[in-house]
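Undergrad: below are the sequence and a predicted model for it; my questions follow.
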Amino acid sequence: MDIPPLRAPRAAGPEPPAAAELAGYVVAAAVWAPSVHNSQPWWFSADGQEISLHADAGRQLPVADPRGREMMISCGAALFTARLALRSLGYVPETSVLPDPAQPLLVARVSWRQQVAATGYEQRLFHQVPLRRTHRGGFDPLPLAPELLTALADGARRDGATLRVVGDEGHRAALAAVTETAEHALRADSMYARELASWAPAPGSTRRDGVPHTAYPAQPGRTLPHFAGRDFAHGHGWGTARPGPGAGPRSAGVVCLLTTAGDRPVDWVNAGQALQRALLTGATCGVAAALHSQPLERARLREFIRTELGDGSFPQLVLRLGTVIQTAASVRRRPASVLFASGGEHLSIGPG
Ligand SMILES: Cc1cc2nc3c(=O)[nH]c(=O)nc-3n(C[C@H](O)[C@H](O)[C@H](O)COP(=O)(O)O)c2cc1C
């Protein structure tokens, strides 16, 4: 799909942009965050100099994600993007995560008062927000710069999470095998398969959510070790044409585990913020990511990863990082359809 540029709000002379226009800008960026099955489980409300991010429980995956863990990771990614959008305008976001125990779906409140010019790094990250895409498949057999891997680990720590490279060959192979086992189990579970199918629309669909056929290959190649992908096409042969005939197995890339010390909603939001920071940081260096949450949707396999392949902290996502020519395209709901004034009415932020 066409990706509209994220246009900064017009400042009327020395006056700051109107609050509604600013909220529209922030939300137009935040909707490009990654989310499980592209469910986009969020909505926003704006009240003067404050934007609230809410989880949309109606978009939670009751079968794959009964606790709302992946929903909250997705919202965390949207939160990081909203904060980054404010930084791109030179505002310093003040964020309170899960500020009201009586409202567990109120993910965060973000306000802004101070101004400090955005750094080059922040601008480069922000530029990637609408361009970054999830990759599905193998990578070029090229190593990644150690400086990038260090920057990714440091960045995750800033958001309260840990991004650890799974370097040990045996552990990589075990993680691949657990992912494949999970994928088999999920495909054999009819309730799960129905739920996934409801988020994987047919070609020609005009839906603005779910995983479109333009986002995954029709014939997923194998990786070494092999990390099984999700069955978005569910037997229909949908997907994009695969690259070059006779292409053999490709590199699985640098395999990483994103973990948190705890396993509460606040940890999931932190993991989502760390995820989006890592994805955007990689994208600034031409590095794409493939995400695997299948083994984390089966409690026993998740526990196996936590205790046998990790350090006892809670795995939130498996990532594979690498370089590749990307062709995937995705969709998003219009910002105006997920942004409301605090009284409940839609904010008028123009087309889009
Ligand atoms: C919590 C979470 C779990 C995800 N799990 C998977 C997965 O198992 N397999 C996959 O192909 N993509 C996975 N994704 C990526 C989403 O499908 C992707 O973000 C969404 O379709 C939007 O596409 P985009 O990232 O290209 O913008 C996951 C994303 C999140 C945030």
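TA: All right, it came through fine.

Undergrad: relative to Arg133, how far out is whatever residue of the chain ends up closest to the ligand?
TA: For the chain, the residue closest to the ligand is Pro34, as judged by C-beta to the nearest ligand atom, at 2.9 Å. All C-beta spots, glycine's among them, are computed from the backbone N, C-alpha and C. Pro34 sits 9 Å away from Arg133 when distances are taken as C-beta to C-beta, to the nearest Å.

Undergrad: and for Ala85?
TA: Going from Ala85 to Arg133 by C-beta to C-beta gives 19 Å.

Undergrad: where does the stretch 201-350 of the chain have low pLDDT?
TA: Low-confidence segments of the stretch 201-350 of the chain, defined by pLDDT under 70, are located at 242-247, 344-350.

Undergrad: tell me where it has helices.
TA: Using DSSP state H, counting those that start in this stretch, the helices of the stretch 201-350 of the chain run over residues 265-284, 299-304.

Undergrad: who in the protein is up against the ligand?
TA: Applying C-beta under 6 Å from any ligand atom, one finds that the chain approaches the ligand through 34-38, 70, 73-74, 77, 133-134, 136, 211, 215, 229-230, 291-294, 317, 328, 330.

Undergrad: so which of those residues belong to strands?
TA: Cross-referencing the residues of the chain next to the ligand against strands under DSSP state E gives 291-292, 317.

Undergrad: for Ser35, give me its contacts.
TA: With contacts defined as C-beta atoms under 8 Å, 6 or more residues apart in numbering, Ser35 is in contact with 41-42, 74, 77-78.

Undergrad: tally of neighbours for Ala274?
TA: The number of residues packed around Ala274, counting by other C-beta atoms under 10 Å, is 30.

Undergrad: again, but for the one 10 residues further on
TA: As a burial measure, Thr284 scores 17 neighbours (other C-beta under 10 Å).

Undergrad: just the pLDDT at the residue nearest to it when sequence neighbours are not counted, thanks.
TA: For Thr284, ignoring the flanking residues on the chain, the nearest one in space by C-beta to C-beta, 6 or more residues apart in numbering is Arg124 at 4.7 Å. According to the per-residue confidence, Arg124 scores 98 in pLDDT.

Undergrad: which SS state does Arg124 fall under?
TA: Recorded secondary structure, Arg124: helix (DSSP: H, G, I helix; E, B strand; the rest coil).

Undergrad: roughly how far does it sit from Gly322?
TA: 20 Å.

Undergrad: kindly report the same for Ala173.
TA: From Ala173 over to Gly322 the distance is 17 Å, taken as C-beta to C-beta.

Undergrad: neighbour count: those two, which is higher?
TA: Comparing Ala173 with Gly322 by other C-beta under 10 Å, the one with more neighbours is Gly322, at 25 against 16.

Undergrad: pretty sure the more buried one is touching Cys256, no?
TA: No: with contact defined as C-beta atoms under 8 Å, Gly322 does not count as touching Cys256 (11.0 Å).

Undergrad: about what we covered before: and the furthest pair within the contacts of Ser35?
TA: Maximum pairwise distance among the contacts of Ser35 (C-beta to C-beta): 10.7 Å, between Pro41 and Ala77.

Undergrad: returning to that earlier point: so Ala85 and Arg133 - more neighbours on which side?
TA: Using other C-beta under 10 Å as the criterion, Ala85 and Arg133 rank with Ala85 on top: 25 against 20.

Undergrad: residues touching the closest residue to the more buried one other than its chain neighbours, list them.
TA: The spatial neighbour of Ala85 that comes closest, neighbours along the chain excluded (C-beta to C-beta, 6+ apart), is Ala29 at 3.9 Å. Taking C-beta under 8 Å, 6+ apart as the definition of contact, the neighbours of Ala29 are 6, 81-82, 84-85, 88, 126, 129-130.

Undergrad: check those residues and tell me the two furthest apart.
TA: Greatest spatial distance among the contacts of Ala29 (C-beta to C-beta): Ala82 and Pro130, at 13.9 Å.

Undergrad: more neighbours: which of those two?
TA: More crowded of Ala82 and Pro130, by other C-beta under 10 Å: Ala82, with 26 against 18.

Undergrad: now that one, what are its backbone angles?
TA: Torsion angles at Ala82 (phi, psi; degrees, to the nearest 10) stand at phi -60, psi -40.

Undergrad: quick check, it in contact with Val27.
TA: Yes: applying C-beta under 8 Å as the test, Ala82 and Val27 come out as touching, 7.4 Å apart.

Undergrad: please enumerate the strands of the chain.
TA: Per DSSP E, the chain carries strands over the ranges 42-47, 50-55, 91-97, 106-115, 162-165, 223-224, 250-251, 254-260, 288-292, 314-322, 339-341.

Undergrad: ok, back up a step: wait, which of the ones in strands among the residues of the chain next to the ligand is closest to Val178?
TA: The shortest distance between Val178 and any of these, using C-beta to C-beta, involves His292 and amounts to 9.6 Å.

Undergrad: mind listing what that closest one touches?
TA: 179, 227, 317-320.

Undergrad: what do you get for Arg250?
TA: 137-141, 221-224.

Undergrad: one more time with 6 Å, if that's ok
TA: Residues near Arg250 by C-beta atoms under 6 Å, 6 or more residues apart in numbering: 138, 221, 223.
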